[in-house]
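Asker: The following block contains a protein sequence and its predicted model.
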Amino acid sequence: MPASQLRSLNIDNINPHIKEAKYAVRGELAVKSEEFRAQLQKGEGKDLPFDSVISANIGNPQQLDQKPITFFRQVASILENPGLLDSEEMLEKHCGYKSDVFERARQLLKDVKSVGAYSQSQGAPGIRQSVANFIERRDGYPADAATIFLSAGASSGVNTLMNVICATPQTGVLVPIPQYPLYTATLSVLNAKCVPYYLNEESNWSTDVSGMRSALEKAKAEGIDVRAVVVINPGNPTGGSLAPEGINEVLELAAEEKLVCIADEVYQTNVFQGEFHSFKKGLRDLQKSRKNKEGKFDNVELASLHSISKGMVGECGHRGGYYEMIGFDPEVTAQIYKFVSIMLCPPVIGQCLLETMVNPPTSSQPSYPLYRAEYDGIAQGLKDRANALYTTFSKMEGVSCQSPQGSMYLFPTITLPPKAVEAAQEAGKSADEYYCLRLLEATGVCIVPGSGFGQREGTLHFRTTFLAPGTEWVGRIEEFHKGFMAEFR
Ligand SMILES: Cc1ncc(COP(=O)(O)O)c(C=O)c1O
């Protein structure tokens, strides 16, 4: 009997849209790097030219030795084991717990009862209120807990929004290129249309609204019903951080063209140059301004997302996040509520960690000094490593890189010799894939080819995180690059 008839499912009869989706950050190179890691762990990698694998392919802070913030985990430890509340004295004396840890744990337990219980579909009400307070402090405008949905990381929020927006195969969503492939992959799975707009590399990967407008017009002419625009700020993979004027331009486009604006702001605390400006504040400022004469901005629909995965928190394995929904029709919000209810609720421990992130110890509380020191130490470490990597890239032949502005990544352009491009073709790979594969095989450093995020025709890039500790691995990239360029000169 042919293999395809042995089972119900085979590669030709499963959902074709799953097959179409591409997600390079955990693709072939990542799989290969894990094989190398397993080999080395078993002591079998004697013939490999490196003795460790560096996963610079994904923004996974704690896998790369970023330490969890003590306050967050002390609270979480009590939530997981509430019996510890009977041993407060011992924990204070011997484990460095402070009184505000117990207070917070009690307050959260009151809200969720147990982290082993389902919460409300939208997330525990007290935690949503904390998120609303955080947004209010951040932006200087009120936020309403009823419009906040907690989620299993920002990914789950994006998935929900896209599921609701993508009504037909002709539904389109404007997506920045380069982009984090969650967006293109989700659109593929939902059989909807990605409408790409290109970011401006020359001006620190800024958003070019005229480019967005032409992408939109072209899509409309092709019969695509464009319903939403995604902005990733600060950017992944680019690190670019938007100024208020750039945010206003996008909101104006959203208002004029009736597009839902999806602001992915998961890197809002990873900002090295200038300050983070939220889309929510941008929208409220516009609504109050003279530009809103005829109520142009009154009905803009904005969904802005945040997460516990990034920043100095880095709790991505706990899967927590939220999105705030501004200006949506209540009937649509009710359908979103129903949709998330089908998944019951986001992980409750992730919700609680989100609460500690949005409501950290304040200066009068006993956990504050350590919290501050840990937070600032991580922020400084990231900044130093970003700058060290940038300095190295700036010295490398054929590599040009925008200075680090935000997020956890650098995304340099590489210009490879024509012979390297030919060798890539012979190997059946794109030139940037070939470069990244050779780098992995030679050094154990795993990075992601620019083609995994989209790039302008005729350009080549790679993305690396700057999360891995130390600089030895940066030296490995530099050495490899010299050899690679010499080989194909
Ligand atoms: C821009 C962007 N959005 C969303 C996510 C997903 O984050 P989460 O872990 O919160 O699902 C990532 C993860 O790398 C990201 O880079």
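Answerer: It's in. Residues are numbered from 1 along each chain as shown.

Asker: Quick one: end-to-end length of stretch 183-198, please.
Answerer: Distance between the two ends of stretch 183-198: 14 Å, counting by Cα to Cα, to the nearest Å.

Asker: List the buried residues for that stretch?
Answerer: Neighbour-count burial for stretch 183-198, counted by 16 or more other Cβ atoms under 10 Å, picks out 183-190, 192-198. Just so you know, the C-beta spots here come from the backbone N, C-alpha and C atoms, and that holds for glycine as well.

Asker: Just read off the phi/psi values of the nearest residue to Thr147 once chain neighbours are set aside.
Answerer: Distances taken as Cβ to Cβ, 6 or more residues apart in numbering put Met325 closest to Thr147, at 5.0 Å, once the chain neighbours are dropped. Main-chain dihedrals, Met325, degrees, to the nearest 10: phi -110, psi 110.

Asker: what are the bridge partners for Met325, then?
Answerer: As for beta bridges, Met325 partners with Ala303 under DSSP bridges.

Asker: of the buried residues of stretch 183-198, closest to Val112?
Answerer: The closest of the buried residues of stretch 183-198 to Val112 turns out to be Thr186 (Cβ to Cβ; 28.9 Å).

Asker: Surely that closest one touches Thr160?
Answerer: No. In this structure, Thr186 is not within contact of Thr160 by Cβ atoms under 8 Å, at 10.1 Å.

Asker: What's the local residue count around the closest residue to Ser52 other than its chain neighbours?
Answerer: Residue nearest to Ser52 in three dimensions, not counting chain neighbours: Gly444, with 5.9 Å by Cβ to Cβ, 6+ apart. Applying other Cβ atoms under 10 Å, we find 22 residues neighbouring Gly444.

Asker: Show the contacting residues for Gly444.
Answerer: Residues near Gly444 by Cβ atoms under 8 Å, 6 or more residues apart in numbering: Ser33, Phe36, Leu48, Phe50, Asp51, Ser52, Val53, Ile54, Arg476.

Asker: Tell me the most packed of these, by neighbour count.
Answerer: Counting by other Cβ under 10 Å, top hit in the contacts of Gly444: Ile54 with 26 neighbours.

Asker: That residue and Thr464 touch, don't they?
Answerer: No. Under the criterion of Cβ under 8 Å, Ile54 is not in contact with Thr464, lying 9.3 Å apart.

Asker: Tell me which residue of this protein lies closest to the ligand.
Answerer: Relative to the ligand, the nearest point of the chain is Gly153 (2.6 Å; Cβ to the nearest ligand atom).

Asker: Which strands and helices lie in contact with the helix or strand hosting Ser210?
Answerer: Using DSSP states H and E, Ser210 maps to helix 209-221. Applying 3 or more Cβ pairs under 8 Å, 6 or more residues apart in numbering; DSSP states H and E, one finds that helix 209-221 makes contact with strand 171-177, strand 193-198, strand 225-232, helix 244-257.

Asker: between the helix or strand that the first one is followed by and strand 171-177, how big is the angle?
Answerer: Using DSSP H and E, the helix or strand that directly follows strand 171-177 along the chain is helix 182-189. With axes from the mean of the first three to the mean of the last three Cα atoms, to 10 degrees as the criterion, the two stretches helix 182-189 and strand 171-177 enclose an angle of 150 degrees.

Asker: which residues are in contact with helix 182-189?
Answerer: So helix 182-189 is contacted by 15, 17-18, 20-23, 155, 158-159, 162, 166, 173, 175, 193-194, 230, 454 (Cβ under 8 Å, 6+ apart).

Asker: and the ligand, which of those residues contact it?
Answerer: Counting by Cβ under 6 Å from any ligand atom, Ser155 from the contacts of helix 182-189 sit close to the ligand.

Asker: Filter the contacts of helix 182-189 down to the ones in strands?
Answerer: The members of those that map onto strands under DSSP state E are Val173, Val175, Lys193, Cys194, Val230.

Asker: Export these as a markdown table, with columns for pLDDT and distance to Thr70.
Answerer: Converted to a markdown table, those look like this (pLDDT from 0 to 100; distance: Cβ to Cβ, whole Å):
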| residue | pLDDT | distance to Thr70 |
| --- | --- | --- |
| Val173 | 98 | 40 |
| Val175 | 96 | 38 |
| Lys193 | 96 | 46 |
| Cys194 | 96 | 42 |
| Val230 | 97 | 35 |
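
Asker: correct me, but Ala424 touches Leu437?
Answerer: No. The pair Ala424 / Leu437 is not scored as a contact, 9.1 Å apart, by Cβ under 8 Å.

Asker: which one of these two has more residues nearby?
Answerer: Ala424 (21 against 18).

Asker: Grab the nearest non-local neighbour of that one.
Answerer: Per Cβ to Cβ, 6+ apart, closest to Ala424 is Tyr434, 3.5 Å.

Asker: same thing with Ser188?
Answerer: For Ser188, the closest residue by Cβ to Cβ, 6+ apart turns out to be Ala21, at 4.1 Å.

Asker: separation between that neighbour and Tyr435?
Answerer: 24 Å (Cβ to Cβ, to the nearest Å).

Asker: what about this protein, any weak spots by pLDDT?
Answerer: For the chain, the stretches with pLDDT under 70 are 24-25.

Asker: how about the residues of it near the ligand?
Answerer: Residues of the chain lying near the ligand (Cβ under 6 Å from any ligand atom): 59, 153-155, 180, 182, 232, 236, 264, 266, 307, 309, 316, 321.

Asker: let's go with 5 Å and repeat that
Answerer: The chain comes close to the ligand at residues 59, 153-155, 180, 232, 236, 264, 266, 307, 309, 316, 321, as judged by Cβ under 5 Å from any ligand atom.

Asker: Off-centre distance for the longest helix anywhere in the chain?
Answerer: Longest helix of the chain, by residue count under DSSP state H: helix 368-395. Counting by Cα atoms, centre = their mean, to the nearest Å, helix 368-395 is centred 18 Å from the centre of its parent chain.

Asker: Buried by neighbour count: which residues of stretch 329-339 qualify?
Answerer: Neighbour counts over stretch 329-339 (16+ other Cβ under 10 Å) mark Thr333, Ile336 as buried.
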